[in-house]
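1. heads up, no residue letters with this:
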């Protein structure tokens with residue numbers, strides 16, 4: 001998640017009344033290290049305020065990781081029934097939908113619509129102008145605001161934005177990325193994708209963010 005993307009989502013989330021947002025389902029949470037160390041702005045703007053105020057956030061992922069509370073597939077009926085008992089008021093689904101097969105994307109969004117009650121919220125974001133980044137796949141799904149919202153039919157848009165970020169173009173990050181060219185021995189599978197990512201060192205990243213209410 002980009003710095004400005006996390007800032008936008010956090011700002012919108014805490015503008016709303018906490019009883020309308022929490023408990024919050026953090027779908028596709030990945031490992032705890034991502035939000036707290038590799039991209040600490042995620043924790044700073046989105047999750048730390050909830051912890052400090054005592055609001056409940058449940059981390060859900062299809063894979064077991066450090067910090068994941070519930071492991072399962074939201075398209076699985078048995079797991080969905082388990083999630084429904086949690087009483088979620090909203091869900092955040094960020095930078096997940098480009099990493100699932102195209103045929104599964106709509107099914108996942110339909111499950112989220114079922115999960116959240118009337119007047120509940122969806123905080124959804126993903127890459128709009130962003131390099132290929134498999135985890136384990138990247139379908140290159142790069143929706144604009146309207147395309148993202150169409151995944152949630154009959155759900156109204158409360159707020160939306162195309163976020164621009166150039167954090168990766170800071171001098172420190174540029175040096176690190178240029179040095180990466182000469183280090184194929186470090187995480188060689190990731191290095192194979194580097195030629196596709198290199199041109200992006202000189203472009204801004206963009207992300208699509210939509211806040212929806214059921």
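-> Here it is on my side, so go on. Just so it is clear, the structure is predicted and the values come from calculations on it, not from any experiment. Numbering: from 1, shown residues only.

2. every contact and neighbour count from this point should use C-alpha atoms.
-> Fine.

3. pLDDT at the residue nearest the centre of the chain, what is it?
-> The C-alpha lying nearest the average C-alpha coordinate of the chain belongs to residue 94 (CA atoms, centre = their mean; 1.5 Å). Listed pLDDT for residue 94 reads 96.

4. and what of residue 188?
-> For residue 188, pLDDT reads 72.

5. now tell me what touches stretch 2-13 from outside.
-> With CA atoms under 8 Å, 6 or more residues apart in numbering as the test, stretch 2-13 has contacts from 21, 39, 41-42, 45-46, 123, 125, 163-165, 167, 207, 209, 211.

6. return the member of those residues nearest to residue 142.
-> When the contacts of stretch 2-13 are compared for distance to residue 142 (CA to CA), residue 207 wins out at 8.6 Å.

7. any idea how far residue 127 is from residue 166?
-> Distance from residue 166 to residue 127, counting by CA to CA, to the nearest Å: 13 Å.

8. ok, back up a step: so what's the closest residue to the residue nearest to the centre of the chain other than its chain neighbours bridging to?
-> Nearest in space to residue 94, with sequence neighbours left out and distances taken as CA to CA, 6 or more residues apart in numbering, is residue 125 at 4.7 Å. Per DSSP bridges, the residues bridged to residue 125 are residue 94, residue 209.

9. relative to residue 54, how far out is residue 125?
-> Taking CA to CA, one finds residue 125 at 25 Å from residue 54.

10. give me the more crowded residue out of those two.
-> Each of residue 125 and residue 54 has its neighbours counted (other CA atoms under 10 Å); residue 125 has more, 28 against 10.

11. so who does that one touch?
-> Counted by CA under 8 Å, 6+ apart, residue 125 has contacts 5, 93-95, 207-210.

12. got CSV for those residues, with distance to residue 137 too?
-> CSV is the format used below for the contacts of residue 125 (distance: CA to CA, whole Å):
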residue, distance to residue 137
5, 22
93, 17
94, 16
95, 12
207, 18
208, 19
209, 21
210, 23
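
13. give me the below-cutoff pLDDT ranges for this protein.
-> Residue ranges of the chain with pLDDT under 70: 168-171, 173-174, 177-178, 180-182, 187, 189-195.

14. my guess is residue 121 meets residue 89, correct?
-> Yes. Applying CA atoms under 8 Å, one finds residue 121 in contact with residue 89, separated by 6.9 Å.
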